[in-house]
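[1] Sequence unavailable; structure follows:
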């Protein structure tokens, strides 16, 4: 499979996380390219920033769709996802939608643990438009700074573990999504400390894309 991940953030650190996480779900014959959109912010933290990235995301999708068998938009707000699907022939996946779809297949109720309080409404809106609002138990948003966590996730593992455990005991979540492109890979790290499936949006999107081969 020839797979492209378009990162709406301009952060090269996020590109590295997206790439490393995606490769874990790809085979030796698969081809992966990860690129940032031509313009945007280093880390999306508000709905306005997410919306502002859409033109650059759509431009990248249209420019490169003919070279790839599938495209993933690598930000948890899924900027431009539904519009992108109307513009190109190859399948386009969002890491938020893919993670919610996987969680909804596994359990009756799931929670999301993420960063960026300003994005709560956007995530809830995504759950509604994707048809998973009834299964979304809670959106738990840590108050830590996105840049700090993305730069040194190990220092924040305890906070994520506590939030995940609260999602199980208080929300009744049967699965938990760790939401955010810059947080790619954390689900695997935290899985040993949490008793329900932890889902990574990038891996869910790669697995979904693989079914379209």
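    Arrived safely, thanks for sending. Everything quoted here is computed from the prediction, not taken from an experiment. Numbering: from 1, shown residues only.
[2] what comes up buried for the worst-scoring helix or strand of the chain on mean pLDDT?
    Least confident element among the helices and strands of the chain, by mean pLDDT, DSSP states H and E: helix 146-151 (a mean of 72). Buried residues in helix 146-151, counted by 16 or more other C-beta atoms under 10 Å: 146, 149-150. All C-beta spots, glycine's among them, are computed from the backbone N, C-alpha and C.
[3] now swap in stretch 187-205 and tell me
    Here stretch 187-205 shows 187, 190-191, 194, 196-205 as buried, counting by 16+ other C-beta under 10 Å.
[4] same question, stretch 4-17
    Buried-residue list, stretch 4-17, by 16+ other C-beta under 10 Å: 4-11, 14-15, 17.
[5] After the longest helix belonging to the chain, which helix or strand is next?
    Assignment by DSSP state H gives helix 47-64 as the longest helix of the chain. Later in the chain than helix 47-64, the nearest helix or strand by DSSP states H and E is strand 70-73.
[6] and stretch 81-98, which residues are buried?
    81, 84-85, 88, 90-98.
[7] scratch that, stretch 178-188 is what I was asking about
    So, applying 16+ other C-beta under 10 Å, buried residues of stretch 178-188: 178-187.
[8] residue boundaries of the strands in the protein?
    2-7, 31-36, 70-73, 92-94, 110-115, 136-142, 175-178, 198-200 (DSSP state E).
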